[in-house]
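**Q** sequence unknown, structure follows:
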């Protein structure tokens, strides 16, 4: 590929970083900065370098803007967004693209009244969110290894790039436009209103605003000197006559919202929205979701639960939630007191929800709770299937062995009335209640995100798999045993999202479960092995370690499930299952 084509392809890819999704919206000087420097890198067959100052520290306005002082899912997704852009460049340009990210909250922390140790905590934790060769971290201490993050003076580093009279001598000079803009911003960060009235507080804000402008100008000079070759990007909206190229750092922030000034909202449609904390609280039915003991993001549809429960993400940012009652003892809150609409919404959005610490009085109570989400499937023995390991098991479900991955009600015969109405009928959701827990680390329920697997597939593989059907056969079922054939990829009947529809084979002496490719011309062993490898990959799999009293609500379309094996030490394990459709 010739150089001009590479540059053209780069500009096309760069549109994803532009706030308005189009490089044509850049001013002539910004377009020249971008195109001319990219041309130089490509002409020398070098890695394209972009210089971006950003990710300094969290806004001090914890009540109105952000969730806390540390990075959260907003920063993580923003870094992933930038990394994906760099990866997209490698597709057409082998040397690739690197972002030199200057991230150091010590530039402004004192002017924002943020303690140095808080700024440093953000600084250190931020770097744990992204370990990619496409993102090169920079700070004062990387430029000058002798700089001490605990005691170092940033002005000593920046002053060579800003020479002017001391701030104190400017006290009687009116603020210029940018300084006044920053003064108003500083006042808002302090939850107050800035006026130009001569008061001690307004004077302090004026001094800080002037110093922010000076340090900002000095930082521009510092970056130009230390990282001179890269295309200079900015997360702000610069004047059209400046060469800084404005970009966004998150797919859901076309308004220029920044994760260190905002929060992320996980919407019911699966998309993410970046807003201020106050906007989310005022305009959405949402609850804070935690991770590793700290607030992580807002989940739409969880407001009814968030007031009385702790909600935390189980795996990644969108697979599984753990909900526990706040401020009460285990079992004091009846499961029927929970908002069924909130649980239904969250189960659909996150695949499964673990309710821990809520009371289930008996089988009738479990059925009553579960039937809020659909019509219970009635077996010969009723709606509640009690699953216990048996010495003389008839199949692996009631054994001490593992249970292969599957979805519920998959093997009904074609003559079944529900299957005659819908050939691909299955339960929409099911509840598992742990009457008696197994030994910790045994008999964990395996939960696989069938949505995420599809998202990982490249376009060519997805198109091929959408043409594939698999046939499943086992004699040891509740229905007498008849082969069933299903497409490998299907759509969730409610969300429309594509999901993997797969059941794992078994060579167990108790129950053989055969899987074969029904579509001609497909290499059977290779395909089935690849599907199985993806299902058990750590990014797609959760192993739920049961505690007595747990209720796990599972979306039967977006999640595959199974069980790990157990020893005799787990002989008392007993789960109650209710399926609805």
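**A** Happy to help now that I have it. Quantities reported herein were computed from a predicted structural model and do not represent experimental measurements. Numbering: from 1, shown residues only.
**Q** can you pull out the strands in the stretch 301-450 of the chain?
**A** Remark: strands assigned in the stretch 301-450 of the chain by DSSP state E, counting those that start in this stretch are 309-315, 319-325, 333-334, 352-355, 358-359, 385-387, 403-406, 429-436, 445-449.
**Q** turn those strands into JSON lines, including distance to residue 211.
**A** Placement of C-beta: from N, CA and C, glycine included. Converted to JSON lines, those look like this (distance: least, C-beta to C-beta, whole Å):
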{"stretch": "strand 309-315", "distance to residue 211": "40"}
{"stretch": "strand 319-325", "distance to residue 211": "44"}
{"stretch": "strand 333-334", "distance to residue 211": "52"}
{"stretch": "strand 352-355", "distance to residue 211": "49"}
{"stretch": "strand 358-359", "distance to residue 211": "53"}
{"stretch": "strand 385-387", "distance to residue 211": "67"}
{"stretch": "strand 403-406", "distance to residue 211": "60"}
{"stretch": "strand 429-436", "distance to residue 211": "57"}
{"stretch": "strand 445-449", "distance to residue 211": "49"}
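**Q** what about the helices in the stretch 151-300 of the chain?
**A** 154-158, 177-189, 200-226, 277-283 (DSSP state H, counting those that start in this stretch).
**Q** can these go into a markdown table with extra columns for mean neighbour count, mean pLDDT and distance to residue 316?
**A** Below are the helices of the stretch 151-300 of the chain laid out as a markdown table (neighbours: other C-beta atoms under 10 Å; pLDDT from 0 to 100; distance: least, C-beta to C-beta, whole Å):
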| stretch | mean neighbour count | mean pLDDT | distance to residue 316 |
| --- | --- | --- | --- |
| helix 154-158 | 16 | 93 | 36 |
| helix 177-189 | 17 | 74 | 32 |
| helix 200-226 | 18 | 86 | 34 |
| helix 277-283 | 16 | 96 | 21 |
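**Q** adding distance to residue 61, write those out as CSV.
**A** Below are the helices of the stretch 151-300 of the chain laid out as CSV (distance: least, C-beta to C-beta, whole Å):
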stretch, distance to residue 61
helix 154-158, 22
helix 177-189, 5
helix 200-226, 15
helix 277-283, 8
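**Q** to residue 399, which of the ones you listed lies closest?
**A** Taking C-beta to C-beta, helix 277-283 is the member of the helices of the stretch 151-300 of the chain nearest to residue 399, at 47.7 Å.
**Q** centre of the chain to that closest one, how far?
**A** 20 Å (C-alpha atoms, centre = their mean, to the nearest Å).
**Q** identify the residues contacting it?
**A** Defining contact as C-beta atoms under 8 Å, 6 or more residues apart in numbering, one finds that helix 277-283 is touched by 63, 64, 65, 66, 67, 262, 263, 265, 286, 298.
**Q** out of those residues, what pair is the most spread apart?
**A** Largest pairwise distance in the contacts of helix 277-283, by C-beta to C-beta, is 16.9 Å, between 63 and 265.
**Q** these two: who's more crowded?
**A** More crowded of residue 63 and residue 265, by other C-beta atoms under 10 Å: residue 265, with 21 against 9.
**Q** please report the distance of the more buried one from residue 278.
**A** The gap separating residue 265 from residue 278 is 12 Å, by C-beta to C-beta, to the nearest Å.
**Q** now residue 181
**A** 21 Å.
**Q** do residue 396 as well
**A** In this view, residue 396 and residue 278 are 53 Å apart by C-beta to C-beta.
**Q** same question, residue 251
**A** 22 Å.
**Q** one more: residue 308?
**A** Counting by C-beta to C-beta - residue 308 and residue 278 are separated by 22 Å.
**Q** try residue 312
**A** Using C-beta to C-beta, residue 312 is found at 23 Å from residue 278.
**Q** and the residue nearest the centre of the chain, what does it touch?
**A** The centroid of the chain falls nearest to residue 317 when counting by C-alpha atoms, centre = their mean (3.3 Å). Residue 317 makes contact with 73, 76, 77, 266, 291, 296, 297 under the criterion C-beta under 8 Å, 6+ apart.
**Q** what are the phi and psi angles of it?
**A** phi -110, psi -10 (degrees, to the nearest 10).
**Q** begin at 682 from now on, thanks
**A** Okay, using 682 as the starting number, the last item reads as residue 998.
**Q** just want the angle from the helix or strand of the chain with the lowest mean pLDDT to helix 881-907.
**A** Lowest by mean pLDDT, DSSP states H and E among the helices and strands of the chain is helix 858-870, with a mean of 74. If you take axes from the mean of the first three to the mean of the last three C-alpha atoms, to 10 degrees, helix 858-870 sits at 120 degrees to helix 881-907.
**Q** ok, residue 702 touching residue 696?
**A** Yes - using C-beta atoms under 8 Å, residue 702 is in contact with residue 696, at 5.6 Å.
**Q** what's the mean pLDDT across the host helix or strand of residue 799?
**A** Assigned by DSSP states H and E, residue 799 falls within helix 797-807. Mean pLDDT, computed over helix 797-807, is 97.
**Q** starting at the chain centroid, how far to it?
**A** 22 Å.
**Q** can you name the next helix or strand after that helix?
**A** Later in the chain than helix 797-807, the nearest helix or strand by DSSP H and E is strand 816-819.
**Q** parallel or antiparallel, list what pairs with that next one.
**A** Here strand 816-819 has these sheet partners by DSSP bridges: strand 778-783 (parallel).
**Q** shaky segments in this structure?
**A** For the chain, the stretches flagged by pLDDT under 70 are 682, 844-857, 871-879, 934-936.
**Q** could you chop it up by domain?
**A** Per automatic domain parsing, the structural domains of the chain span 684-833+909-927, 943-1040, 1055-1261.
**Q** could I get the ones you listed as a markdown table with distance to residue 898?
**A** Converted to a markdown table, the domains of the chain look like this (distance: least, C-beta to C-beta, whole Å):
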| stretch | distance to residue 898 |
| --- | --- |
| domain 684-833+909-927 | 12 |
| domain 943-1040 | 26 |
| domain 1055-1261 | 43 |
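**Q** now, of these, which is deepest in the fold?
**A** domain 943-1040 (a mean of 19; mean count of other C-beta atoms under 10 Å).
**Q** any idea how far apart the tips of that one sit?
**A** With C-alpha to C-alpha, to the nearest Å as the measure, domain 943-1040 spans 37 Å from end to end.
**Q** so how far is it off the chain centroid?
**A** That offset, for domain 943-1040, works out to 14 Å (C-alpha atoms, centre = their mean).
**Q** also stretch 1197-1213?
**A** Distance, centroid of stretch 1197-1213 to centroid of chain: 31 Å (C-alpha atoms, centre = their mean).
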